[in-house]
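In: quick one, what's the 3D model for this:
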Amino acid sequence: MEQTPPAKPIRVVDIHNHPYWLGHDPKKMVANMDRFGIDRAWLLSWEAPVHEIDPSYRETLNPESHGIPFSDIVRAVEMFPDRFVAGYAPDPRRPEARALLRSAVKLHGVRVFGELKVRIHYDDPDAVAIFHVCADLGLPVIFHLDVVLPPGSIQKERQFWYGGEIENIERTLRLCPRTIFLGHAPGFWREISGDADREPLGYPKGKPVTPGGRLLKLLDRYPNLQCDLSAGSGHTALSRDLDFTRKFLADYQDRVFYGRDQLDNIHQELLRSLGLPSTVLEKVLAGNALRLVPI
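Out: Numbers count the residues shown, from 1 in each chain. Below is the predicted model:
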């Protein structure tokens, strides 16, 4: 009898990306993943009212819709079920949001609640209610946190904050101890440094990390908080102070997840350049993701 060859080990999981994003349909995304040695990607929706979406995103999104609709996730996963994992985050303010999420899990195999990126405080009762549903369903939550920058910052005409402040995140962690949260975006990553309240830049590149960062305190206090390294915010956090980064990744090696939220390879290149122990690098690139969402 002919033997089935063993499956290749999964080396890299991108836990944060989107279909029809940055000019890439699912076929282009798979080709891009092959180019950079990425075996799987979690595909996340972005559901928010039109007036909550920064107009600067329009050139990066599917022109047929605003945001990233769940239908795009379903289409991509049906095309490449062995490469993509389905994520979905209905706006918690919708009265039918929890029913929609349960249906998406049953009908379309959703494994992740994400990306949550709306202009409410994440300790809002509607958000907390759906986070409890996520715990019941075994779905990790990926949230985008963008804060209002301090006075004197370089500001747009309108600041598109999402989620509130780091204090809202702490209350959410306390209210939802059974739910696993993965934090992401500038408002989250600026909190590695103790001077976040005074930092005028959303992406503080090249600045040493000062002691007392509130993110580290939350990680030590709440085991249900994890870290999504994706996007320019995650890359900036990793690259601004490499001595801090090596210690951070060693200390929280079971709580940090590789992701991109873009289509380049800068996160992998940086991670592989740090001289991390192979066990740490393997956890960050795939092991932690496979433990949280087994394939």
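In: could you list the low-pLDDT ranges of the protein?
Out: Within the chain, the stretches with pLDDT under 70 are 1-8, 151-158.
In: quick check, L182 in a strand?
Out: Yes. Counting by DSSP: H, G, I helix; E, B strand; the rest coil, one finds L182 located in a strand.
In: beta partners for it?
Out: For L182, the beta-bridge partners under DSSP bridges are I142, Q226.
In: where along this protein do the strands fall?
Out: Under the criterion DSSP state E, the chain contains strands at 13-17, 40-43, 84-86, 113-116, 141-144, 181-184, 225-228, 256-257.
In: pick the most buried one from those.
Out: Highest mean neighbour count of the strands of the chain: strand 113-116, a mean of 30 (counted as mean count of other C-beta atoms under 10 Å). Backbone N, C-alpha and C define where each C-beta goes, glycine included.
In: please name the strands paired to that strand in the sheet, noting orientation.
Out: strand 141-144 (parallel).
In: show me the contact partners of the strand it pairs with.
Out: For strand 141-144, contacts defined as C-beta atoms under 8 Å, 6 or more residues apart in numbering pick out 15-16, 42, 44, 87, 89, 112-117, 122, 131, 134, 162-163, 169, 179-185, 188, 228.
In: now do stretch 124-133
Out: By C-beta under 8 Å, 6+ apart, stretch 124-133 touches 90, 92-93, 97-98, 101-102, 113, 116, 120-121, 141, 172, 175-176, 178-179, 181.
In: filter those residues to the buried ones?
Out: The neighbour count (16 or more other C-beta atoms under 10 Å) marks 90, 92, 97-98, 101, 113, 116, 120-121, 141, 172, 176, 179, 181 as buried among the contacts of stretch 124-133.
In: so which of those sit within helices?
Out: 97-98, 101, 172 (DSSP state H).
In: for T236, which non-adjacent residue is spatially closest?
Out: Spatial nearest neighbour of T236, excluding adjacent residues (C-beta to C-beta, 6 or more residues apart in numbering): Y203 at 4.7 Å.
In: show me the contacts for the one you found.
Out: So Y203 contacts 186, 232-233, 236 (C-beta under 8 Å, 6+ apart).
In: looking at the residues you listed, which is nearest E59?
Out: G232 (16.3 Å; C-beta to C-beta).
In: in contact with the closest one, which residues?
Out: By C-beta under 8 Å, 6+ apart, G232 lies in contact with 203, 262.
In: what separation is there between it and I10?
Out: Distance, G232 to I10, using C-beta to C-beta, to the nearest Å: 26 Å.
In: what's the answer for N168, then?
Out: Counting by C-beta to C-beta - N168 and I10 are separated by 34 Å.
In: please say which of the two ends up with more neighbours.
Out: N168 (19 against 15; other C-beta atoms under 10 Å).
In: okay, the buried ones among the contacts of stretch 124-133 in a markdown table with distance to N224 next?
Out: Output for these, formatted as a markdown table (distance: C-beta to C-beta, whole Å):
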| residue | distance to N224 |
| --- | --- |
| P90 | 21 |
| P92 | 18 |
| A97 | 21 |
| R98 | 20 |
| L101 | 19 |
| F113 | 13 |
| L116 | 15 |
| I120 | 20 |
| H121 | 18 |
| V141 | 9 |
| T172 | 10 |
| C176 | 7 |
| T179 | 6 |
| F181 | 6 |
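In: pull the most distant pair out of those residues.
Out: Longest distance between any two of the buried ones among the contacts of stretch 124-133 is 19.7 Å, between L101 and H121; criterion C-beta to C-beta.
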